[in-house]
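Enquirer: Coordinates for the following, if possible.
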Amino acid sequence: MSEVLAGYTIWAWRMKWKLRCAGANSKETAKKPEELHISHEALEKLEKWKVIKKTEDGRYYVPCKEEK
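Expert: Below you'll find the model as predicted:
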């Protein structure tokens, strides 16, 4: 079980890193899934886990520590 959790943690970290590298660091600079080259399903899962946030117009970004 711990191997699965470690795998999910690493995957979530890599996805978060990908958003940061794309410049999706705030609500103003959020990106659409097509710009990030990440599936919509993966982004929805990360949002559900509160790793990333979604704007009203369907863009995603990594929130700062104060925003979580």
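Enquirer: Strands along this structure, start to end?
Expert: 53-54, 60-61 (DSSP state E).
Enquirer: Tell me which of these lies nearest to G23.
Expert: Smallest distance to G23 across the strands of the chain (C-beta to C-beta): 9.1 Å, for strand 60-61. The way it works is simple: take the backbone N, C-alpha and C, and place the C-beta from them, glycine included.
Enquirer: Give me the contacts around that closest one.
Expert: Strand 60-61 is contacted from outside by 19, 24-27, 29-33, 36, 43, 46-47, 52-55, using C-beta atoms under 8 Å, 6 or more residues apart in numbering.
Enquirer: Count the neighbours of S39 for me.
Expert: 10 (other C-beta atoms under 10 Å).
Enquirer: Report back the residue of this structure that's furthest from centre.
Expert: In the chain, counting by C-alpha atoms, centre = their mean, M1 sits farthest out from the average C-alpha position, at 23.6 Å.
Enquirer: give the contact list for the spatially most central residue of the chain.
Expert: Nearest to the mean C-alpha position of the chain, counting by C-alpha atoms, centre = their mean, stands I52 at 4.0 Å. By C-beta under 8 Å, 6+ apart, the contact list for I52 reads M15, K16, L19, L43, L46, Y60, Y61, V62, P63.
Enquirer: Among those residues, name the ones in helices.
Expert: M15, K16, L19, L43, L46 (DSSP state H).
Enquirer: On the strand side of things, show who the nearest residue to the fourth one once chain neighbours are set aside bridges to.
Expert: So the one you mean is L43. Nearest residue to L43 in three dimensions, chain neighbours excluded: Y60, at 5.2 Å (C-beta to C-beta, 6 or more residues apart in numbering). Listed beta-bridge partners, Y60: K31, K54 (assigned using DSSP bridges).
Enquirer: now do the same end-to-end measure for stretch 45-61.
Expert: 13 Å (C-alpha to C-alpha, to the nearest Å).
Enquirer: Quick check: buried residues in it?
Expert: Buried residues in stretch 45-61, counted by 16 or more other C-beta atoms under 10 Å: K45, L46, V51, I52, K53, R59, Y60, Y61.
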